[in-house]
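1. need a 3D model of the following:
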Amino acid sequence: MKYTLVSIVLVLSALLFCQAVSTIGTGGNLSYADQEVPQQKEPSAATYSGVDFLWAFEAKSVQDGKVNVQPVASEMVLKSGDELKMMVELQRRCFVYLFHDNRQGSVKLIFPYSLQQFDSEYQPERKYYIPRGDAWFRLDKNPGLEVFYLVASSKRLDELEKAYLRHESAEGPSKAETAGALIDKIKELRREHRELSSPAERPAPIGGALRSVENVQDPDRLDVSTFADEVLSTGFVARTYTIEHR
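-> Now for the predicted structure:
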């Protein structure tokens with residue numbers, strides 16, 4: 001039988017094709033290096049979230065007999081007689097601190113209600129109002145600035161607590177000195193975590209002096225938790241609220 005050149009080429013091509021199909025079909029010679037290995041997705045920030053809580057900070061004012069409620073921004077102007085209220089509700093266990101600085105040598109820890117609360121009555125999915133119950137803070141008749149520092153961490157901030165306890169027990173001239181040291185500690189923590197993760201919020205001074213706030217009962221019993229937003233972070237949050245009190 002005579003074979004033409006064309007027929008020989010066709011036979012060889014068919015044999016090579018069958019061999020290639022057989023090799024891929026068995027899978028024995030196909031290594032992971034030859035395959036497209038599915039890429040692992042990067043976990044989102046929420047996957048590693050160490051700080052997760054609901055936060056409400058509301059201001060209430062009365063104008064022409066009407067009650068107006070609005071969220072407190074990082075910089076805000078309010079007047080004497082306006083009222084403030086906050087709410088914290090943990091979505092997972094983390095440590096939330098809220099300080100009020102009156103810039104007269106005194107810094108008040110207004111949440112937790114005491115540092116001992118972290119060891120006892122402090123749990124997720126429970127609303128903590130500041131001040132407690134139906135009470136609100138009312139801006140007094142002394143204008144100036146009101147500054148609130150919100151700090152939250154996945155770990156308890158022992159050095160910050162020590163700075164506060166030193167200030168709390170100080171008397172006389174050392175009261176103002178320890179107040180300054182406490183605020184410096186908050187700023188130091190913010191700088192440290194800004195360098196390690198995302199930028200932290202910076203306070204913008206408005207000028208003037210800070211004055212105190214007073215508790216009042218809210219006749220309307222407005223629940224500020226209905227205005228809450230979720231605060232979510234990989235491990236640290238620091239916010240400064242500066243209110244120009246007129």
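
2. residue 56 reaches residue 98, doesn't it?
-> No: with contact defined as CB atoms under 8 Å, residue 56 does not count as touching residue 98 (11.8 Å). Placement of C-beta: from N, CA and C, glycine included.

3. between these two, what contacts are shared?
-> residue 86 (CB atoms under 8 Å, 6 or more residues apart in numbering).

4. helix or strand with the lowest mean pLDDT in this protein?
-> Every helix and strand of the chain was ranked by mean pLDDT, DSSP states H and E. The lowest is helix 5-26, at a mean of 43.

5. domains in the chain, by residue range?
-> Using automatic domain parsing, the domain parsing of the chain gives 5-34, 51-245.

6. list the buried residues in the strand of greatest length in the chain.
-> The longest strand of the chain (DSSP state E) is strand 51-63. Within strand 51-63, the residues that count as buried by 16 or more other CB atoms under 10 Å are 51-60.

7. give the pairing partners of the next helix or strand after it; include direction for each.
-> Sequence-wise, the next helix or strand downstream of strand 51-63 (DSSP states H and E) is strand 66-71. When pairs are called by DSSP bridges, strand 66-71 turns out to pair with strand 51-63 (antiparallel).

8. now do the strand it pairs with, average pLDDT.
-> The average of the pLDDT scores along strand 51-63 is 93.

9. run through the protein and note the low-pLDDT ranges.
-> Residues of the chain meeting the criterion pLDDT under 70: 1-49, 195-220.

10. what's in contact with the lengthiest helix in it?
-> Counting by DSSP state H, the longest helix found in the chain is helix 173-196. With contacts defined as CB under 8 Å, 6+ apart, helix 173-196 is touched by 99, 101, 105-107, 149, 151, 157, 159-160, 163-164, 166-167, 170, 200, 235-236, 238.

11. filter those to the buried ones?
-> 99, 101, 105-107, 149, 151, 157, 160, 163-164, 167, 170, 200, 235-236, 238.

12. just list whatever residues bridge to residue 70.
-> residue 59.

13. how much space separates it from residue 114?
-> 30 Å (CB to CB, to the nearest Å).

14. right, I'll leave it there.
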